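Chemist: Need coordinates for the below:
(2 chains)
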Amino acid sequence: MSEITVHRAISWHRIQAMVLRYWYLLMSSWPRLLELIYWPALQIITWGFLQNYISQNDSFFARAGGTLIGAVILWDILFRGQLGFSISFLEEMWARNLGNLMMSPLKPIEFLISLMIMSLIRLAIGVIPMTLLALFFFDFNFFAIGLPLIAFFCNLIFTSWSVGIFVSGLVLRNGLGAESIVWTLMFGLMPLACIYYPVAVLPGWLQYIAWTLPPTYVFEGMRALLIDHVFRADLMVWSLGINAVLFVASFAIFLALLRSAKHHGSLLGGGE
Amino acid sequence: MVNSDATPAQSPAAGPQGPAAIDVAHLIKLYKTTRAVDDVSFRIKRGSITGLLGGNGAGKTTTIAMIMGLVLPTSGRVQVLGHAMPEQSAEVLGRMNFESPYVDMPMRLTVRQNLTIFGRLYAVKDLAERIDQLASDLDLKDFLDRANGKLSAGQKTRVALAKALINQPELLLLDEPTASLDPDTADWVRRHLLDYCRTHDATILLASHNMLEVERLCDRVIIMKRGRIEDDDSPDQIMARYNRTTLEDVFLDVARGRVAEGTSS
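Modeler: From the prediction side, this is the model:
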């Protein structure tokens, strides 16, 4: 893969080839498909019953119907979006196929775009059944959020891709010994992204940090919508702005880590 | 250290047939304090088959990896098909290919799926026909729709070779191309490579521990030891210089520090 020529024409054919590669892989393995649906379904069932229980006992949650379920679904978009991206990348490491790709005309930007497309496909397979479960079992229509949902979704998926690109670079540089970062980094954002509680709950100094994370704006915006029935466009714009910076930074870091991997000969091994 | 006089690295890259297939000049690769490759220079002319010989840790794989752009040199210059690597790799990656034991084809995908994907990555025209042709040439037809992970080691090697030939490369870099093959199949693969090289005027650089293979295939041999070039000539000339009848004996001489006649330094 040529890292110097990212600015040159992107080949849609090569991106299609990579998406096809991951699609073949997904279709060849029913455990992979099942796993995509299993965890999100488990999440929604657990949190759905919790929501039902506390809404019977607490007037706030009775008013803010669906806040927890909505938060769970949005969190899953963020988390599964990153996993969908990173697992496709890890598949190349596990298959020891990265050298073949690096030596092919595939450009890093094309590789990353194919991973983004796969993250959307994997997300759709996992989250659509999740939203249907929420609708039929807990009477929460996720899609009733309407147009704001597009803003929520776009911001969360951009964050998930930025994190995915960053951790992929780390694994590229450090080999599969760094694989655990793929599974755990997003959980590090969880307390500060204020998924299940408002930012105001955090200590003052921590709030400053929380507001540097794009998902914080999304979850705050979701609560404003579901509790106060107000769409906070300002929050979405802030989120988008920070996302743009993160996205460019993660891509630059990926290229730097790729270059470092080539300096250290990490691409020849790929092991621990 | 002996550098080929016929193709001095210091001369301009372009020759009568256009630029050399590979032009490596004063290549150095340091891993912390270890000199994996130490001031290596050579030019490989188009249409030739060159063998890179050397024991473990001689620097063969690192040298090939730098030619492919997978490893960046600490210093020195690499040109492939007239283009600087890795800066102009986009110009040449579609015209070259490689096979190495350091990489695998995805195991869960069938042979046909794998070749389809790589064919698309290399923008191969009439891909289905090309895959059929390779399946016929490399005897893959019986397992074309079988998952790569379910193939024998020899079958996998042939599939990897099919992938390496999918784009009809002008330059082929091979690391142990006949490893895991029985002698009959290995001989058949060698003849196929020779035939490919002749019919396509392709260049092959191969690293191998199989001395017989190098003797049969290569018109030039570069022997490396501890990151440096120990000798560089045709197999016959090298054997004559060491007063040996096989490259294996030459290899042992080099590995054990015996010096070729007339080259003591």
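Chemist: all helices of chain B, in order?
Modeler: Under the criterion DSSP state H, helices of chain B are mapped to B:60-68, B:89-92, B:111-121, B:127-137, B:153-165, B:183-200, B:211-217, B:235-241, B:247-255.
Chemist: now these in CSV, with mean pLDDT, mean neighbour count and distance to residue A:67?
Modeler: Where you see a C-beta, it was placed from the backbone N, CA and C, and this is true even at glycine. As requested, these are exported to CSV (pLDDT from 0 to 100; neighbours: other C-beta atoms under 10 Å in any protein chain shown; distance: least, C-beta to C-beta, whole Å):
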stretch, mean pLDDT, mean neighbour count, distance to residue A:67
helix B:60-68, 91, 26, 54
helix B:89-92, 90, 21, 50
helix B:111-121, 96, 24, 44
helix B:127-137, 94, 16, 52
helix B:153-165, 90, 22, 52
helix B:183-200, 87, 15, 64
helix B:211-217, 86, 19, 69
helix B:235-241, 89, 17, 77
helix B:247-255, 84, 19, 72
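Chemist: now for those, which one comes closest to residue A:258?
Modeler: Proximity to residue A:258 (C-beta to C-beta) singles out helix B:89-92 among the helices of chain B, at 12.5 Å.
Chemist: What residues does the stretch 151-265 of chain B have near chain A?
Modeler: residue B:163 (C-beta under 8 Å from any C-beta of the partner chain).
Chemist: Which of the helices of chain B sits closest to residue A:225?
Modeler: Closest of the helices of chain B to residue A:225 is helix B:111-121, at 42.8 Å (criterion: C-beta to C-beta).
Chemist: which other helices and strands contact the closest one?
Modeler: When contacts are defined as 3 or more C-beta pairs under 8 Å, 6 or more residues apart in numbering or on different chains; DSSP states H and E, helix B:111-121 packs onto helix A:12-27, helix B:127-137, helix B:153-165.
Chemist: That one versus helix B:127-137: what angle between them?
Modeler: Inter-element angle recorded for helix B:111-121 and helix B:127-137: 130 degrees (by axes from the mean of the first three to the mean of the last three C-alpha atoms, to 10 degrees).
Chemist: Only alpha carbons, please: show helix B:111-121 as PDB.
Modeler: Output in PDB follows, covering the C-alpha atoms of helix B:111-121 (Å, rounded to 0.1, in the frame of the first residue of the first chain):
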ATOM      1  CA  VAL B 111      -9.400 -20.400  -3.800                       C
ATOM      2  CA  ARG B 112     -11.600 -18.800  -6.400                       C
ATOM      3  CA  GLN B 113     -12.800 -16.100  -4.000                       C
ATOM      4  CA  ASN B 114      -9.200 -15.300  -3.000                       C
ATOM      5  CA  LEU B 115      -8.100 -15.100  -6.600                       C
ATOM      6  CA  THR B 116     -11.200 -13.000  -7.500                       C
ATOM      7  CA  ILE B 117     -10.400 -10.500  -4.800                       C
ATOM      8  CA  PHE B 118      -6.700 -10.200  -5.700                       C
ATOM      9  CA  GLY B 119      -7.600 -10.000  -9.400                       C
ATOM     10  CA  ARG B 120      -9.900  -7.100  -8.600                       C
ATOM     11  CA  LEU B 121      -7.200  -5.400  -6.500                       C
END
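Chemist: Would you enumerate the residues in contact with the closest residue to residue B:121 other than its chain neighbours?
Modeler: Sequence neighbours aside, residue A:104 is the residue nearest to residue B:121 in space, at 4.6 Å (criterion: C-beta to C-beta, 6 or more residues apart in numbering or on different chains). The contact partners of residue A:104, taken as C-beta atoms under 8 Å, 6 or more residues apart in numbering or on different chains, are A:1, B:93, B:118, B:121, B:122.
Chemist: Now render these as JSON lines, adding distance to residue A:191.
Modeler: As requested, those are exported to JSON lines (distance: C-beta to C-beta, whole Å):
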{"residue": "A:1", "distance to residue A:191": "36"}
{"residue": "B:93", "distance to residue A:191": "44"}
{"residue": "B:118", "distance to residue A:191": "44"}
{"residue": "B:121", "distance to residue A:191": "42"}
{"residue": "B:122", "distance to residue A:191": "47"}
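Chemist: Give me the helices and strands touching the helix or strand containing residue A:151, please.
Modeler: Using DSSP states H and E, residue A:151 sits within helix A:147-174. Judged by 3+ C-beta pairs under 8 Å, 6+ apart, helix A:147-174 is in contact with helix A:67-94, helix A:108-138, helix A:179-193, helix A:214-227, helix A:233-264, helix A:266-269.
Chemist: try it again with 7 Å
Modeler: helix A:67-94, helix A:108-138, helix A:179-193, helix A:214-227, helix A:233-264 (3 or more C-beta pairs under 7 Å, 6 or more residues apart in numbering or on different chains; DSSP states H and E).
Chemist: For the closest residue to residue A:240 other than its chain neighbours, the count of nearby residues, please.
Modeler: In this structure, residue A:240 finds its nearest non-sequential neighbour in residue A:155, 6.1 Å apart by C-beta to C-beta, 6+ apart. Residues contacting residue A:155 under the criterion other C-beta atoms under 10 Å in any protein chain shown number 26.
Chemist: ok, residue A:155 to chain B distance?
Modeler: Distance, residue A:155 to chain B, using C-beta to the nearest C-beta, to the nearest Å: 32 Å.
Chemist: Much appreciated, bye for now.
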